[in-house]
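A.B. asks: sequence first, then the predicted structure, then my questions.
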Amino acid sequence: MKQTRWLFHPITVFIFSILALGLSLALYIYWYIGVSSGLQTLADRFNIAPDQVLEPRAWLVILVLSILVGIILMGIFTIFVYNQKTLQLYRLQHNFINNFTHELKTPVTSLKLFLETISKHDLPREDQLKYMAYMLADVERLSDHINRILNLARLESKSYQAIFEKIDISAAVTEIVDNNRPIFADCDIRISNPSRARCIYRVDRLLFETLVMNLLTNAIRYNNAAVPRIDIRFRQDRRHLTIQFEDNGIGINARESKKIFRKFYQARRSGSALARGSGLGLNLVQSIARLHKWRIRAAGRTDTRGSIFTLILPEKTKVTETA
């Protein structure tokens, strides 16, 4: 059964359909040329005018037929590509459901375990506070997953009402990192702004924090170094401001540099024990960047292991400071 399954594979059916249609047109033209040659010989033998035997517009019919066959081939190819993309999206959604269910189930199971422990045992106040801190962290994880989905849905449906305000991007990134130090307690995060210039842009503060947090948590999630390190560098020139998030994680290859921003896409790591995400974080990052008319790109480091995510802010989106 498995040996004959390839016969009914969409690619196999598509190839056979194209070959059959092309062969049919070729056989028709070959047959017409043969018949025309025979009729021409017959007309020459009996001194019959060729116009009485051969249709002068026959080649025009063949040309039109060839064009129609070409259109049919293009239609079949379009349907085939659409079908393949649909199948790919289905697989990605299936993987998303499996992985995201795990992402939701893990904190819920942890919360249930801590609550059962507290309810069944008379624990000292110190242990109670410790377990409560764990539960609050799990609640934050659940809230983060839910907000990520809601924000992505709102951005895609164009229903999100962005609230733009003038902020200093450099100061905002520093504030975000400082406010979330407990999350990055075991990480080495360094912020570098050599020019020390104020970078004032109109930004939705909530979405910008989501963008930065997703880049930072992504760098930590896909990192098996003893001490995850993230270098955030600001570079300003006449055309744009670039913010680089450089880490020492497992890195990405050239093929994945664009795919990782697709919805539900997750890099395949054979033999890796690293936690898998929902496949929405980087897609949300790209959506937020587009809303602000920015660009985001990813690349692997060439000098060592790790990745570099570069956020590009065009100069035209910058707010000119007035006295």
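C.D. replies: Ah, there it is.
A.B. asks: contacts only, for the residue nearest to residue 167 when sequence neighbours are not counted.
C.D. replies: In this structure, residue 167 finds its nearest non-sequential neighbour in residue 203, 5.3 Å apart by CB to CB, 6 or more residues apart in numbering. C-beta: built from backbone N, CA, C; applies to glycine. Residue 203 sits next to 164-167, 169, 172, 292 when contact means CB atoms under 8 Å, 6 or more residues apart in numbering.
A.B. asks: wait, is residue 203 part of a strand?
C.D. replies: Yes. Applying DSSP: H, G, I helix; E, B strand; the rest coil, one finds residue 203 inside a strand.
A.B. asks: residue 308 in helix, strand or coil?
C.D. replies: Classified using three-state DSSP, residue 308 is strand.
A.B. asks: okay, now it: neighbour count?
C.D. replies: Around residue 308 sit 19 other residues, with neighbours defined as other CB atoms under 10 Å.
A.B. asks: how close does it get to residue 212?
C.D. replies: Plainly put, residue 308 is 15 Å away from residue 212 if you go by CB to CB, to the nearest Å.
A.B. asks: quick one: least confident helix or strand in this protein?
C.D. replies: Here the helix or strand of the chain ranked lowest by mean pLDDT, DSSP states H and E is helix 50-53, holding a mean of 55.
A.B. asks: partner residues bridging residue 297?
C.D. replies: With DSSP bridges as the criterion, residue 297 is bridged to residue 310.
A.B. asks: so it sits against residue 312, correct?
C.D. replies: Yes. Residue 297 is within contact range of residue 312, at 7.3 Å (criterion: CB atoms under 8 Å).
A.B. asks: re earlier: identify the bridge partners of the residue nearest to residue 167.
C.D. replies: Residues in beta-bridge contact with residue 203 (DSSP bridges): residue 165.
A.B. asks: for it, report the pLDDT, please.
C.D. replies: With respect to pLDDT, residue 203 scores 91.
A.B. asks: the residue nearest in space to the middle of the chain sits in which helix or strand?
C.D. replies: The centroid of the chain falls nearest to residue 262 when counting by CA atoms, centre = their mean (0.9 Å). Assessed by DSSP states H and E, residue 262 sits outside every helix and strand.
A.B. asks: I figured it hits residue 281, correct?
C.D. replies: No. With contacts counted by CB under 8 Å, residue 262 stays clear of residue 281, the gap being 11.8 Å.
A.B. asks: so where do the helices sit in the stretch 101-250 of the chain?
C.D. replies: 125-156, 169-179, 205-221 (DSSP state H, counting those that start in this stretch).
A.B. asks: can I get the ones you listed in JSON lines including mean neighbour count?
C.D. replies: Below are the helices of the stretch 101-250 of the chain laid out as JSON lines (neighbours: other CB atoms under 10 Å):
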{"stretch": "helix 125-156", "mean neighbour count": "14"}
{"stretch": "helix 169-179", "mean neighbour count": "17"}
{"stretch": "helix 205-221", "mean neighbour count": "20"}
